[in-house]
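K.L.:
I need the structure of the sequence given here:
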Amino acid sequence: MLGIIKNLRLGFGLLLTILVVSLVSYFSSQPNRGASFGKLLPVSSITSLPNDHAPRPPANPVSLDSDNDGIPDSAELNSFRERENFKRAFTGIAEMQFYLLSNEWNKEQRDCAGLVRFAWREALRRHDRAWFQKMGPGYEFLATDVSANYLDRGPIGEKLFRTDFGSYKPTDLAAAKFSEFADARTLKNFNSQFISRDRQFAQPGDLLFYHQPWVQKFPYHVMIFVGESPTATQAARGGWVVYHTGASAVDEGTVKKVQLSVLDQHPNKRWRPVESNPNFLGFYRLKILE
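P.N.:
As a prediction, the model looks like this:
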């Protein structure tokens, strides 16, 4: 009986020795595993583990497009103050072209969409002393900048205008889906969204679009809704629009500033901004304001 017990003890001791040697050998070859053995992972480590079923945040915040409108969130004006500053500058710069054309507005781009591009771009610039000197007199009301989105530090630079459908992707700039140029159709389809054909829903800075399919070269026309004009007399304040008539081979066109109530009585019905006019597409809001 004693012999059996001794043999069992000897076998158990041998087995224990083999087990200890195996464990030492394993952890000596896996130092990282050995360091964490017996320790609980911190909460941050657990939550950072990859999850094949959960959406992963983009590596570059510029690629965020939370509303899937094609414009990166970082290029949009996300605070009430920034939006109001932009709308004031955008409509004000456009309206100033009615009184005195700025030399900064390229003569080759003076048409209806060109007025939108020019006012949009200049509204986003840094309005410092050098800018006021270039623009000329009359812009003193633009003392406040759109501080979050200067062109020299914005994510898309001066390529402000999207040129294709779809949500924003980090490869869009390289794929030429943004440009410094946009005609009226591009402004409508890719850079603004429909609000209403009823003017009561319009806000300063919204765009009015018209479509005349029989005009082959430029079937779309755009105007800028100013709202109550700060330069008009109290009696004449109300719903104003400013627009460029468009250039032709024999006419450079001109900038006009008109009340909606006057356009309502336009002798050519296709220019009336009323719901009964099939050529009037309605009011659209810039995507950077939404």
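K.L.:
nearest residue to Ala202 other than its sequence neighbours?
P.N.:
Leaving out its chain neighbours, the residue that sits closest to Ala202 by Cβ to Cβ, 6 or more residues apart in numbering is Phe283, at 4.4 Å. From N, CA and C alone the C-beta is placed, and that goes for glycine too.
K.L.:
The nearest residue to Phe141 once chain neighbours are set aside and Met223, how far apart?
P.N.:
Among residues not flanking Phe141 along the chain, Gly92 sits closest, at 5.9 Å (Cβ to Cβ, 6+ apart). In this structure, Gly92 and Met223 are 16 Å apart, going by Cβ to Cβ, to the nearest Å.
K.L.:
Tell me which of the two has more neighbours.
P.N.:
A side-by-side neighbour count of Gly92 and Met223, using other Cβ atoms under 10 Å, places Met223 first with 26 against 21.
K.L.:
Low-confidence regions, the stretch 101-250 of the chain specifically.
P.N.:
Across the stretch 101-250 of the chain, the ranges flagged by pLDDT under 70 are 143, 148-149, 229-238.
K.L.:
rerun at 50
P.N.:
234-237 (pLDDT under 50).
K.L.:
element containing Glu82, please.
P.N.:
helix 80-99 (DSSP states H and E).
K.L.:
My error: substitute Lys188 in the last question.
P.N.:
helix 184-191.
K.L.:
Check Trp120 too.
P.N.:
helix 112-123.
K.L.:
Contact partners for Phe98?
P.N.:
Shown in contact with Phe98 (Cβ atoms under 8 Å, 6 or more residues apart in numbering): Val242, Val255, Lys256, Lys257.
K.L.:
Buried ones only from those, please, as a ChimeraX command.
P.N.:
To isolate the buried ones among the contacts of Phe98 in ChimeraX, judged by 16 or more other Cβ atoms under 10 Å, type:
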select :242,255,257
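K.L.:
before we move on, the earlier item: can I get the helix holding Trp120 in PDB? Just the C-alpha atoms.
P.N.:
Taking Å, rounded to 0.1, in the frame of the first residue of the first chain, the C-alpha atoms of helix 112-123 are listed here in PDB:
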ATOM      1  CA  CYS A 112     -26.200  85.900 -63.100                       C
ATOM      2  CA  ALA A 113     -24.200  82.900 -61.700                       C
ATOM      3  CA  GLY A 114     -21.100  85.000 -61.600                       C
ATOM      4  CA  LEU A 115     -22.700  87.500 -59.200                       C
ATOM      5  CA  VAL A 116     -23.500  84.600 -56.900                       C
ATOM      6  CA  ARG A 117     -19.900  83.200 -57.100                       C
ATOM      7  CA  PHE A 118     -18.300  86.600 -56.600                       C
ATOM      8  CA  ALA A 119     -20.500  87.600 -53.600                       C
ATOM      9  CA  TRP A 120     -20.100  84.100 -52.000                       C
ATOM     10  CA  ARG A 121     -16.300  84.100 -52.300                       C
ATOM     11  CA  GLU A 122     -15.800  87.600 -51.100                       C
ATOM     12  CA  ALA A 123     -18.200  87.000 -48.100                       C
END
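K.L.:
Can you tell me what sits against it?
P.N.:
86, 89-91, 93-94, 97, 102, 104-106, 109, 135, 146, 151, 158, 160-161, 181-184, 186-187, 207, 221-224, 242-246, 255, 286.
K.L.:
one step back: between the helix holding Lys188 and helix 112-123, how big is the angle?
P.N.:
50 degrees (axes from the mean of the first three to the mean of the last three Cα atoms, to 10 degrees).
K.L.:
Fine, thanks again, bye for now.
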